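Asker: Coordinates for the following, if possible.
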Amino acid sequence: MNTANHFITTGSGQHFYFYNSGPDIVYIEDIALALSNLCRFTGHLDEFYSVAQHSVLASYWCRLSSRLKHSCMMPVRLTAMILLRR
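Answerer: Okay, here's the model as predicted:
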């Protein structure tokens, strides 16, 4: 199977190759754009509520509660593990 052409074009115009990727080719602006266009709850809402909006609101909430700081970092740790697994 030829995987050389398996890529998506990101918001910044970069080609992201699924089988040849790493942290050095992941841009925060592309992640922010994608998350701002992705609706929470797969769109089953009366109003658009993006994953980016949810993430920002959750980060504010976590700052207010010292008990939640460890739990709030779990999605970040999981994402880092997935990205750095290669």
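
Asker: Only C-alpha atoms from now on, for both contacts and neighbour counts.
Answerer: Noted.

Asker: spatially speaking, which residue is in the middle of the protein?
Answerer: Nearest to the mean C-alpha position of the chain, counting by C-alpha atoms, centre = their mean, stands residue 31 at 5.3 Å.

Asker: how about low-confidence regions in this protein?
Answerer: Where the chain drops to pLDDT under 70, the residues are 1-4, 69-70, 75-86.

Asker: Please pull up the helix or strand immediately following the helix or strand that contains the residue nearest to the centre of the chain.
Answerer: Under the criterion of DSSP states H and E, residue 31 resides in helix 28-37. Past helix 28-37, further along toward the C-terminus, the next helix or strand under DSSP H and E is helix 51-64.

Asker: Other residues contacting that next one?
Answerer: By C-alpha atoms under 8 Å, 6 or more residues apart in numbering, the residues outside helix 51-64 that reach it are 32, 35, 36, 37, 38, 39, 40, 68, 69, 72.

Asker: If any of those are buried, put those into a ChimeraX selection.
Answerer: Only the buried entries of the contacts of helix 51-64 go into this ChimeraX selection, using 16 or more other C-alpha atoms under 10 Å:
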select :35,36,38,39,40
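
Asker: could the contacts of helix 51-64 be laid out in JSON lines, adding distance to residue 21?
Answerer: What follows is the contacts of helix 51-64, written out as JSON lines (distance: C-alpha to C-alpha, whole Å):
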{"residue": "32", "distance to residue 21": "18"}
{"residue": "35", "distance to residue 21": "19"}
{"residue": "36", "distance to residue 21": "22"}
{"residue": "37", "distance to residue 21": "22"}
{"residue": "38", "distance to residue 21": "22"}
{"residue": "39", "distance to residue 21": "25"}
{"residue": "40", "distance to residue 21": "26"}
{"residue": "68", "distance to residue 21": "32"}
{"residue": "69", "distance to residue 21": "30"}
{"residue": "72", "distance to residue 21": "27"}
